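Visitor: Just to be clear, the model below is a prediction. Sequence and coordinates:
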Amino acid sequence: MTVSRALTIAGSDSGGGAGIQADLKTFTVLGVYGMSALTAITAQNTLGVHGIYNLPLEAIEQQIDAVATDIGVDAVKTGMLSQAPIIERVAERIKANNIPNLVVDPVMVAKGGARLLEQDSQQALIRHLLPLATVITPNLPEAEVLTGRTITTVEEMKEAARHIHSFGTRYVVVKGGHLDGDALDILFDGETFAEFVAPRHETKHTHGTGCTFSAAITSELAKGASVHDAVTTAKHFITCAIQDTLGLGQGHGPTNHWAYGKRQHQLI
Ligand SMILES: Nc1ncnc2c1ncn2[C@@H]1O[C@H](COP(=O)(O)OP(=O)(O)OP(=O)(O)O)[C@@H](O)[C@H]1O
Ligand SMILES: Cc1ncc(COP(=O)(O)O)c(N)n1
């Protein structure tokens, strides 16, 4: 039996809705063997982030090298990388281990408002990580930071995708979760745009949607899918996960990682 292998390089969310935990759940549901390299431990629940503890660069490097040199990695995603030295070290180890199919989720601020990427480190993402990336998946506030422009329309999302593509990333997905109306995401491959639309579901339980979406893209790339097909599956996965809410916690609760599998099962 051949198994596809995916690695997440991200922070731990003790509440289980975002970060490493969301990624590993997504990998498992999509039938991919999941591995992790932790960059930080957060004390977090649905009400917010209560503490952030970055791991030493040495520990981050050893985790990436350990899995890459033995088990192998078919696709990798990055999530919370909170400081420029962490970004630089992660980029260096991805390159040194020749890890293919890099999906960058440029996590900057948690839903509750806590800063997960230091402001003076944003340029390091552009300089060190984006040129290595197959796909980058900014939400609107992240796309605004990366481009220095305000984004309020689909046309402006497309302009932002063009701008971000010029940093060297092969594909750009600008997520429209923060706009009003349908949940519309744009995929740009350097020449053409594709749109992925789902009805907006009115819910406060959207903690970790970006992590889950990018982990689903990573899973599909690990299995050999094209970027367009990977985004199609990821959109379906996250739409199911948002619609079939678990209602956990007193604040922004997690999405439902089982929902996509349940839906597929019902279709059989
Ligand atoms: N209320 C909603 N209903 C349906 N789809 C949504 C909703 N909110 C977000 N989405 C979709 O979820 C995916 C993630 O987008 P979003 O903009 O929420 O990412 P994000 O802000 O990075 O998430 P997070 O910061 O929570 O990790 C996108 O495909 C987006 O269109
Ligand atoms: C460890 C970690 N990684 C990523 C997020 C972003 O998710 P959200 O924006 O939904 O809070 C988070 N809160 N925690």
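Guide: Sure, I can see it. Ligands and ions are numbered 1, 2, ... in the order given.
Visitor: Excluding covalently adjacent residues, which one is nearest to whatever residue of the stretch 1-150 of the chain ends up closest to ligand 1?
Guide: Ligand 1 sits closest to residue 139 of the stretch 1-150 of the chain, with a gap of 3.5 Å, by CB to the nearest ligand atom. For glycine as for every other residue, the C-beta is placed from the backbone atoms N, C-alpha and C. Nearest non-adjacent residue to residue 139, counting by CB to CB, 6 or more residues apart in numbering: residue 175, 4.8 Å away.
Visitor: what's around that neighbour, how many residues?
Guide: Residue 175 has 25 neighbours, counted by other CB atoms under 10 Å.
Visitor: Likewise for the one 5 residues further on?
Guide: A total of 7 residues lie near residue 180 under the criterion other CB under 10 Å.
Visitor: Provide the contact partners of stretch 110-123 at residue level.
Guide: By CB atoms under 8 Å, 6 or more residues apart in numbering, the residues outside stretch 110-123 that reach it are 11, 18, 42, 44, 47-49, 52, 80-84, 87, 106-109, 125, 145-146, 206-207, 251-252.
Visitor: Can you say which of those are also within reach of ligand 2?
Guide: Residues of the contacts of stretch 110-123 in contact with ligand 2 (CB under 6 Å from any ligand atom): 11, 18, 42, 44, 80, 107, 207.
Visitor: Could you give the backbone dihedrals for the first one?
Guide: The phi/psi pair for residue 11 (degrees, to the nearest 10) reads phi -90, psi 160.
Visitor: do the same with residue 53
Guide: Backbone geometry at residue 53, expressed as degrees, to the nearest 10, gives phi -130, psi 100.
Visitor: likewise residue 50?
Guide: For residue 50, the backbone dihedrals are phi -100, psi -10 (criterion: degrees, to the nearest 10).
Visitor: what number of residues lie near it?
Guide: Neighbour count of residue 50, defined by other CB under 10 Å: 13.
Visitor: Are there helices or strands packed against the helix or strand harbouring residue 42, and which ones?
Guide: Using DSSP states H and E, residue 42 sits in strand 33-45. Applying 3 or more CB pairs under 8 Å, 6 or more residues apart in numbering; DSSP states H and E, one finds that strand 33-45 makes contact with strand 5-13, helix 19-29, strand 48-54, helix 57-70.
Visitor: ok, back up a step: was I right about the residue nearest to residue 139 contacting residue 141?
Guide: No: look at residue 175 against residue 141 with CB atoms under 8 Å: they stay out of range, at 10.3 Å.
Visitor: So what's the residue count around residue 141?
Guide: Per other CB under 10 Å, the neighbour tally for residue 141 reads 12.
Visitor: Kindly format the C-alpha coordinates of stretch 215-224 as CSV.
Guide: Extracted in CSV, the C-alpha atoms of stretch 215-224 (Å, rounded to 0.1, in the frame of the first residue of the first chain):
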residue,chain,number,x,y,z
ALA,A,215,-4.5,21.6,5.2
ALA,A,216,-7.1,20.2,2.8
ILE,A,217,-5.2,21.7,-0.2
THR,A,218,-2.0,20.2,1.2
SER,A,219,-3.6,16.8,1.5
GLU,A,220,-4.8,16.8,-2.1
LEU,A,221,-1.4,18.0,-3.4
ALA,A,222,0.3,15.1,-1.4
LYS,A,223,-2.0,12.7,-3.2
GLY,A,224,-0.9,14.1,-6.6
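Visitor: For it, buried residues please.
Guide: For stretch 215-224, a neighbour-count test (16 or more other CB atoms under 10 Å) marks 215, 216, 217, 218, 219, 220, 221, 222, 223 as buried.
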